[in-house]
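> What would the 3D arrangement of this be:
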Amino acid sequence: MKTLNRLNYCLRLLFISIAFFCFKTSRASNFNAPKDTVNQTNKFKLKTVIVDAGHGGFRTGASGKYSVEKNVTLQIAFKLQKAIEKELSDVKVVMTRTTDDDILWQKRSDIANDAKGDIFISIHCNSLPDRIVRSASGKKTRVANRSGKGVLLLVYGFHRTKEEEKAIKDTRLSDEEEMDAVIDPNDPAAMILMNEYKRKYRKQSVRFASILNQEFIENDGRRSEGIREQGVLVLCHSAMPAVLVETGYINNPDEEDYLNSEEGQNQIVATIVRALKTLKTEVEA
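Here you go, the predicted model:
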């Protein structure tokens with residue numbers, strides 16, 4: 001039985017290797033093909049962008065002196081939708097939320113997965129918790145911490161890999177004719193395909209976050225806290241590259257004014273659109 005299992009494993013790897021070789025060969029042969037033929041080849045295109053306005057309804061999110069996160073994120077999301085449709089006319093925009101109603105985290109991922117999105121962008125506002133200050137007499141006092149400033153980009157953490165695998169299996173691998181309904185962890189061919197999806201989505205998530213971070217710093221002069229991993233459900237349950245954008249600290253008075261201004265919101269939107277254009281050029285090359 002061990003010999004048969006090894007033989008079966010080798011045959012599967014051989015099949016996958018041959019498939020990749022044939023794919024690369026067919027791609028290489030297109031360099032000598034007529035221009036019209038090359039344009040008609042089936043290659044990846046960034047066709048659908050999911051725009052997620054964080055929070056909603058009773059989940060108002062972070063708050064400032066006069067505004068709350070759910071309203072600011074929806075305003076930015078609407079502006080982003082219009083900007084993408086105008087400047088990237090071949091890209092479809094799917095919104096997870098268009099009203100004040102709260103949409104559960106899993107429902108947001110379901111909307112994104114049903115639309116077969118190519119990238120998921122979640123818009124949020126940041127905030128710092130109050131500080132606890134101890135007086136000379138030992139009395140503790142809660143003081144608002146309004147020192148936060150700048151943007152922060154989040155990608156999903158590796159500790160939620162299993163959840164990502166389920167989202168990929170349900171959304172992407174269900175379309176693969178050669179795959180079974182259930183991904184067998186003992187099936188080398190199935191796991192190679194699964195790992196390739198995970199690798200690609202992870203790479204593109206980090207790359208898009210990096211492009212955004214660079215745009216915010218170099219073109220907008222914004223302070224940035226960089227890119228972090230975090231176990232955000234809406235990111236790891238979306239079977240596609242995904243980035244959560246903390247656009248600024250709403251409990252900082254200066255940041256709150258920026259986030260609520262037309263100038264600030266338009267600048268944030270323009271930055272995201274520029275980053276999308278860069279990513280689109282890269283992945284479609």
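
> What segments of the stretch 1-150 of the chain are strands?
Assigned by DSSP state E, counting those that start in this stretch, the strands in the stretch 1-150 of the chain fall at 48-53, 92-95, 119-126, 131-134, 140-143.

> Run through the residues that contact Asn140.
No, residue 140 isn't Asn; it's Lys. Applying C-beta atoms under 8 Å, 6 or more residues apart in numbering to Lys140 gives the contacts 132-134. (Glycine included, C-beta is placed from N, CA and C.)

> Mind picking the one among the residues you listed that's closest to Arg274?
When the contacts of Lys140 are compared for distance to Arg274 (C-beta to C-beta), Ile132 wins out at 40.8 Å.

> Need the nearest residue in space to that closest one, chain neighbours excluded.
For Ile132, ignoring the flanking residues on the chain, the nearest one in space by C-beta to C-beta, 6 or more residues apart in numbering is Lys140 at 5.4 Å.

> From Asn251, how far off is the one you found?
Using C-beta to C-beta, to the nearest Å, Lys140 is found at 20 Å from Asn251.

> re earlier: quick one: closest of the strands of the stretch 1-150 of the chain to Tyr258.
Closest among the strands of the stretch 1-150 of the chain, using C-beta to C-beta: strand 119-126, at 10.7 Å.

> Now tell me which helix or strand of the protein has the poorest mean pLDDT.
The weakest-scoring helix or strand in the chain, judged by mean pLDDT, DSSP states H and E, is helix 35-39 (a mean of 38).

> quick one: low-confidence parts of the stretch 101-250 of the chain?
Low-confidence segments of the stretch 101-250 of the chain, defined by pLDDT under 70, span residues 158-191, 194-195.

> Which parts of it are helices?
105-114, 161-171, 188-218, 233-236 (DSSP state H, counting those that start in this stretch).

> Next, name the residue at the spatial heart of the chain.
Ala242 (1.3 Å; C-alpha atoms, centre = their mean).

> Skipping adjacent residues, who's closest to that one in space?
Take Ala242 and drop its neighbours on the chain: the residue closest to it by C-beta to C-beta, 6+ apart is Phe120, 3.8 Å away.

> Arg146 against Leu128, yeah?
Yes: counting by C-beta atoms under 8 Å, Arg146 does reach Leu128; the two are 7.3 Å apart.

> And those two? Which one has more around it.
Arg146 (19 against 15; other C-beta atoms under 10 Å).

> residues contacting that one?
128, 249, 251-253.

> Which of those ranks first by neighbour count?
Compared across the contacts of Arg146, Tyr249 has the highest neighbour count, 28 neighbours, by other C-beta under 10 Å.

> Distance check, the closest residue to it other than its chain neighbours against Val283.
Spatially, and ignoring its direct neighbours in sequence, Tyr249 is nearest to Gly148 (3.4 Å; C-beta to C-beta, 6+ apart). Using C-beta to C-beta, we find Gly148 at a distance of 33 Å from Val283.

> Show me this structure divided up by domain.
1-43, 46-284 (automatic domain parsing).

> Out of those domains, which one sits most buried?
Greatest average neighbour count among the domains of the chain goes to domain 46-284 (a mean of 18), per mean count of other C-beta atoms under 10 Å.

> Quick one: end-to-end length of it, please.
Domain 46-284 has an end-to-end distance of 7 Å (criterion: C-alpha to C-alpha, to the nearest Å).

> Please apply the same query to stretch 227-243.
End-to-end distance for stretch 227-243: 10 Å, by C-alpha to C-alpha.

> How about stretch 45-59?
35 Å.
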